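1. Coordinates for the following, if possible.
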Amino acid sequence: MRSIQSFCSAIFKQSLTSALIGLSLILGSGISGGNASSENLTIGSTSELVNDQTCDGTGGILAYAETKDYALYICSDPKDISQPRYYRSVNKNGTPGVKLNARTYNPNQGSYFEFRNGDYVYLLQIPSENIKNPQLVVEFPDGSGYEQKISRFLMNGEARSPISNK
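-> Have a look, this model is predicted:
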C-alpha cells in the first residue's frame, strides 16, 4: 500500500512540476519583455516564430529548441493543440532532418519530450529549476549516443505534458 501511495505521490509531483514549468516559462517571458535567460540559454514563447511553417499540417508549434547543429520542433496534435504529437528536426548544415510521430502519450513525463524511431531515442529536455542547462539527447541502438546543449528554448502556453511513444 505504501509503494502505491509513493508512486501516486511521485506522479502528482511530476504533473505539478510540468504545469509549473509551463507557467514559469510564460510568466518569465512576459516579465522580461519576451526573453528570459539563464547561463547561455534563452527562454521565450513560440509566438516569436510567427511565420515559421515547419509544423504546418499539425496543430502548431508547442515547443522549439536550438542546439549548435539543429533547430528542433515539437508540433501539436491537430485534434488537441495542447498535446505534443510530432517531432521535427531541421539540420543547420542543410541536410534533411528527422520527422517523427508519437504513437502514445505519457502524461507522467514532466522534464522532457521523448520520441522513438525504431531503436533510436530522441529526448529534448525542458528547462526547469532542476534542469538549468537542458540538452538534446540521442541514444543509438547500440547504447551509444550524443548530447547537444540547448541554447534557445521556446514554449507555447498551451502545452501540457511531454510525450513518449514507448
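2. quick one, strands of this protein?
-> 35-38, 41-45, 61-66, 70-77, 80-91, 99-101, 112-117, 120-125, 135-139, 145-149, 152-155 (DSSP state E).
3. Nearest to Cys55, out of those?
-> Closest to Cys55 of the strands of the chain is strand 70-77 (Cβ to Cβ; 3.7 Å). Any C-beta I mention is one placed from the backbone N, CA and C, and that applies to glycine too.
4. by how many degrees do that closest one and strand 120-125 diverge?
-> Strand 70-77 and strand 120-125 are oriented at 90 degrees to each other (axes from the mean of the first three to the mean of the last three Cα atoms, to 10 degrees).
5. now, of the strands of the chain, which is deepest in the fold?
-> Ranked by mean neighbour count, the strands of the chain are led by strand 61-66 with a mean of 25 (mean count of other Cβ atoms under 10 Å).
6. which helices and strands sit right next to it?
-> With contacts taken as 3 or more Cβ pairs under 8 Å, 6 or more residues apart in numbering; DSSP states H and E, strand 61-66 sits against strand 70-77, strand 80-91, strand 152-155.
7. So what are the sheet partners of the first one and their directions?
-> The sheet places strand 70-77 alongside strand 61-66 (antiparallel), strand 80-91 (antiparallel), with pairing taken from DSSP bridges.
8. Present the ones you listed as a markdown table; the columns should include mean pLDDT.
-> Listed next are the strands paired with strand 70-77 as a markdown table, based on pLDDT from 0 to 100:
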| stretch | mean pLDDT |
| --- | --- |
| strand 61-66 | 95 |
| strand 80-91 | 90 |
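9. Go through the ones you listed and name the closest to Pro141.
-> Going by Cβ to Cβ, the one of those nearest Pro141 is strand 80-91, 17.7 Å.
10. what residues does that closest one touch?
-> Contacting residues not belonging to strand 80-91 are listed as 54-55, 58-60, 62-63, 69-78, 97-102, 105, 113, 115, 122, 124, 158-160, 162-163 [Cβ atoms under 8 Å, 6 or more residues apart in numbering].
11. cool, stretch 54-68 as well?
-> By Cβ under 8 Å, 6+ apart, the list of residues contacting stretch 54-68 reads 46, 49, 52, 71-86, 88, 90, 92, 113, 124, 126, 134-136, 148-156, 158-159.
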